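[1] model the structure of this input:
(4 chains)
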There are 2 protein chains.
Amino acid sequence: MSLKFGVLGLLKGEPLHGYEVKNRFEAMLGGTWEVNIGQIYTTLQRLERDGLVRPIGRRGDRGKLQYELSPEGHRALDHWLAQPDSGPQQLHEDIYVKLLLATRIANGNLQQLLGRQKRAYLQRLRDLNRLEERARRDGRVDLARLVRGALLHTEADLKWMDELSSERFGAEEGARTE
Amino acid sequence: MSLKFGVLGLLKGEPLHGYEVKNRFEAMLGGTWEVNIGQIYTTLQRLERDGLVRPIGRRGDRGKLQYELSPEGHRALDHWLAQPDSGPQQLHEDIYVKLLLATRIANGNLQQLLGRQKRAYLQRLRDLNRLEERARRDGRVDLARLVRGALLHTEADLKWMDELSSERFGAEEGARTE
DNA sequence: GCTCGCATACATACTCGGCATACATACTGA
DNA sequence: TCAGTATGTATGCCGAGTATGTATGCGAGC
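    Presented below is the predicted three-dimensional model:
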């Protein structure tokens, strides 16, 4: 979903062809999101099909085909930007299902699972800190802001793990379903 | 991804047919995840194709077809459970792209965007609180734990929004890419 | 007490969007 | 000339949603 609007956003301002879109997008994300080139082209085709984008002129240089935003494209982009993001739907993430299943079938190793998970989050914290530092060094204030968000998320995850592992488990009353 | 292993996890313990899997899954998630019925069947077929699951006997009652875990299915499930979850890849979420684009093209309304986003998170906090209360009332301790995780996430998002909106914007140095 | 209609249990088929791999082809510089 | 980069197409998997189909069961009314 966000790739679609990412492309739209990049096309606002100046027309680009697919390969360029890929590079700009990755640069905008500071190397934290490598996009598959094929996906860029299918995205552009679908945007064209939906009338949000249209090709400019004939194919140039080496088959390059530039696209520009249509008026509807502008509108769609503005609307998306104005809309608060609802994020990934509530509890649809793997970790939740994993916890539930671990609670009901692997009663013994729940603590193990929590420990491993905690270590993974700590590692991510370190990665993100490095990333933030690099972003600041490069003058990419906007990127650093994003990383800050991811850091806060990861800290929340850690806190969660700590809360969970200090609960007294056993006598699980919650694992019934029928 | 988590649906696949959710199904595996439910099948560990007792064989089920598709419709039943759907109901158990939704019950396990306490109504926070309504699965599409079609997806259950395709998931089961793929699991069968991959040898993680196999049908039991002939179709019974009203065409019901039950599935059970194969030995490889057990192994795959255990492996998945033992593996720390890496979560959705770092900065691949919509909100990040939205922030970046808003920074570079809608310089004026960034504060607006932050405000709207904050309100959305507050609303989510309220929803989650209600959900947690209900889970506890129903004796679903396991579910309440998940909701707690989601609450911590949302609080982190709010904190992030607060940090961002108290920055002094303008003089954006970070929005260059080329 | 039978039947019509609706709900529910159970399943398949089709479609679309995201995403990845593989392939093709032109250019460019050592 | 050969490696690499720039640029694009084709194809396929997977997650997810919609539409459709067929049994069974159940209540309302004649």
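
[2] from here on, contacts and neighbour counts on C-alpha atoms
    Fine.

[3] do me a favour and get the end-to-end distance for stretch A:11-18?
    10 Å (C-alpha to C-alpha, to the nearest Å).

[4] tell me which element the residue of chain A found nearest DNA strand D falls in.
    Nearest residue of chain A to DNA strand D: A:Lys64, at 2.9 Å (C-alpha to the nearest atom of the strand). Assigned by DSSP states H and E, A:Lys64 falls within no helix or strand.

[5] now swap in A:Leu47 and tell me
    With DSSP H and E as the criterion, A:Leu47 is inside helix A:37-49.

[6] can you give the distance of that helix from its chain's centre?
    When distances are taken as C-alpha atoms, centre = their mean, to the nearest Å, helix A:37-49 is centred 19 Å away from the chain's centroid.

[7] that helix near chain B at all?
    No - Helix A:37-49 is not in contact with chain B by C-alpha under 8 Å from any C-alpha of the partner chain; minimum separation 14.7 Å.

[8] report the buried residues of the helix or strand hosting A:Asp127.
    Using DSSP H and E, A:Asp127 sits in helix A:110-137. In terms of neighbour count (16 or more other C-alpha atoms under 10 Å in any protein chain shown), helix A:110-137 has its buried residues at A:110-111, A:113-118, A:120-122, A:124-125, A:128-129, A:131-132, A:135.

[9] who are the packing partners of that helix?
    When contacts are defined as 3 or more C-alpha pairs under 8 Å, 6 or more residues apart in numbering or on different chains; DSSP states H and E, helix A:110-137 packs onto helix A:141-165.

[10] my read is A:Arg54 is in a helix, agree?
    No - counting by DSSP: H, G, I helix; E, B strand; the rest coil, one finds A:Arg54 to be strand, located in no helix.

[11] neighbours of it, how many?
    19 (other C-alpha atoms under 10 Å in any protein chain shown).

[12] can you pull the contacts of it?
    The contact partners of A:Arg54, by C-alpha atoms under 8 Å, 6 or more residues apart in numbering or on different chains, come to A:48, A:67-70.

[13] just the residues you listed: which are in helices?
    A:Glu48 (DSSP state H).

[14] quick one, which of the contacts of A:Arg54 are buried?
    By neighbour count, with 16+ other C-alpha under 10 Å, these hold A:48, A:67-70 as buried.

[15] redo the residues you listed as JSON lines? Include distance to B:Gly30.
    Output for the buried ones among the contacts of A:Arg54, formatted as JSON lines (distance: C-alpha to C-alpha, whole Å):
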{"residue": "A:Glu48", "distance to B:Gly30": "41"}
{"residue": "A:Tyr67", "distance to B:Gly30": "46"}
{"residue": "A:Glu68", "distance to B:Gly30": "46"}
{"residue": "A:Leu69", "distance to B:Gly30": "43"}
{"residue": "A:Ser70", "distance to B:Gly30": "44"}
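
[16] and which of these is nearest to A:Val147?
    Using C-alpha to C-alpha, A:Leu69 comes nearest to A:Val147 of these, at 29.4 Å.

[17] grab the nearest non-local neighbour of the closest one.
    Among residues not flanking A:Leu69 along the chain, A:Val53 sits closest, at 4.5 Å (C-alpha to C-alpha, 6 or more residues apart in numbering or on different chains).

[18] low pLDDT regions in chain A?
    By pLDDT under 70, the weakly predicted segments of chain A are A:60, A:62, A:87-89, A:106-108, A:168-178.

[19] and the one helix or strand A:Tyr19 maps to, does that touch DNA strand C?
    Element membership for A:Tyr19, per DSSP H and E: helix A:18-28. No - figure legend: helix A:18-28 not in contact with DNA strand C (C-alpha under 7 Å from any atom of the strand); closest approach 11.0 Å.
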